[in-house]
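A.B. asks: build me a model:
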Amino acid sequence: MGIQIAPSILSADFARLADEATAVSNADWLHVDVMDNHFVPNLTIGMPVVESLAKATSTPLDCHLMIEDPDRWAPGYVEAGAGSVTFHVEACRAPIRTAREIRAKGARAAMALRPATPIEPYEDMLSELDMILIMTVEPGFGGQKFLDVCVPKIRRTRQMLDKHGLDLWIEIDGGVSADTIERCAEAGADVFVAGSAVYAADDPNAMVEQLRGLAEQATGR
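C.D. replies: Numbering: from 1, shown residues only. Below you'll find the model as predicted:
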């Protein structure tokens, strides 16, 4: 699998989401941050907007649920049109069951870790997942500074996957830019969420390609 770029619509113009999706038509995914003002101190969008956006773009939706009780809500996001659904392990009561329900409905299942959450306790359940999302900022707000302390966790996660022969993607989210993407790619990440770096650019599509090229260069792909 090659490098994948997932622009985050958290940094887009919410009044023009269909147009903002078109502005990054060469992206691999559209990253949709769902926040409930409980698990994180911010409130964004929910299932009705995801359903409408899925109808307005051919780019698959990567829904990141920063919400309480994802066990209850995650399957509904698949029904709304998400191609990948990520739940936070810190909020999930039954992560294996939730991952299986997401997959059974036809989407990729992913588990997210906050910066201080280690990967090691979840080694035995990695085979139930399609992707690990490693947060490189504290979840809740866009535009934060990248946390370098998370890079070793990316590397450890890649080593763990290689040890077990698992073909999972490693996604990173938070502070991804032309200045930070190479070190993350070198550590083993292959899916990159970029919000302000893409949507603040004069040409968002060109920025997607620039980020992809930097990550590919760092990994020799």
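A.B. asks: for the longest helix along the chain, what is the average pLDDT?
C.D. replies: Of all segments of type helix in the chain, defined using DSSP state H, the longest is helix 204-219. For helix 204-219, mean pLDDT rounds to 97.
A.B. asks: buried stuff in that helix?
C.D. replies: Pro204, Asn205, Met207, Val208, Gln210, Leu211, Arg212, Leu214, Ala215, Ala218, Thr219 (16 or more other Cβ atoms under 10 Å). Yep, even glycine has a C-beta here, placed from its N, CA and C like the rest.
A.B. asks: tell me which two of the residues you listed sit farthest apart.
C.D. replies: The most widely separated members of the buried residues of helix 204-219, counting by Cβ to Cβ, are Pro204 and Thr219 (23.0 Å).
A.B. asks: next one: Ala80 from Met47, what distance?
C.D. replies: To Met47, Ala80 is 5 Å away according to Cβ to Cβ, to the nearest Å.
A.B. asks: of these two, who's got more company?
C.D. replies: Comparing Ala80 with Met47 by other Cβ atoms under 10 Å, the one with more neighbours is Ala80, at 21 against 16.
A.B. asks: where does the chain have low pLDDT?
C.D. replies: Residue ranges of the chain with pLDDT under 70: 221.
A.B. asks: strands of that one, start to end?
C.D. replies: 4-7, 30-35, 61-66, 84-88, 108-113, 131-135, 169-173, 191-194 (DSSP state E).
A.B. asks: the ones you listed: which one's closest to Ile96?
C.D. replies: Using Cβ to Cβ, those put strand 108-113 closest to Ile96, at 9.8 Å.
A.B. asks: run through who's touching that closest one.
C.D. replies: Identification of contacts with strand 108-113 by Cβ atoms under 8 Å, 6 or more residues apart in numbering yields 64, 66, 83-90, 92, 95, 98-100, 102-103, 119, 122, 128-135, 139, 153, 169, 171, 173.
A.B. asks: go on, stretch 148-165?
C.D. replies: 113, 115, 118-120, 123, 126-127, 132, 134-136, 167-168, 170, 172, 183-184, 187-189.
A.B. asks: buried stuff in stretch 173-193?
C.D. replies: Result for stretch 173-193 [16+ other Cβ under 10 Å]: buried residues 173-177, 180-182, 184-193.
A.B. asks: now do the same end-to-end measure for that stretch.
C.D. replies: 5 Å (Cα to Cα, to the nearest Å).
A.B. asks: likewise for stretch 162-170?
C.D. replies: Termini of stretch 162-170 sit 12 Å apart (Cα to Cα).
A.B. asks: now the helices: where do they sit in this protein?
C.D. replies: Under DSSP H, the chain gives helices at 17-22, 47-56, 70-80, 95-104, 151-164, 181-187, 196-199, 204-219.
A.B. asks: out of those, which gets nearest to Met1?
C.D. replies: Of all these, helix 204-219 comes closest under Cβ to Cβ, at 11.3 Å.
A.B. asks: export that closest one as CSV, just CAs?
C.D. replies: Output in CSV follows, covering the C-alpha atoms of helix 204-219 (Å, rounded to 0.1, in the frame of the first residue of the first chain):
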residue,chain,number,x,y,z
PRO,A,204,-5.2,22.5,-1.5
ASN,A,205,-4.8,19.8,-4.2
ALA,A,206,-1.2,20.9,-4.8
MET,A,207,-0.5,20.6,-1.1
VAL,A,208,-1.9,17.1,-1.0
GLU,A,209,0.6,16.1,-3.7
GLN,A,210,3.4,17.9,-1.9
LEU,A,211,2.7,16.0,1.3
ARG,A,212,2.4,12.7,-0.5
GLY,A,213,5.7,13.3,-2.3
LEU,A,214,7.6,14.2,0.9
ALA,A,215,6.3,11.0,2.6
GLU,A,216,7.1,8.9,-0.3
GLN,A,217,10.6,10.4,-0.5
ALA,A,218,11.1,9.6,3.2
THR,A,219,10.1,6.0,2.8
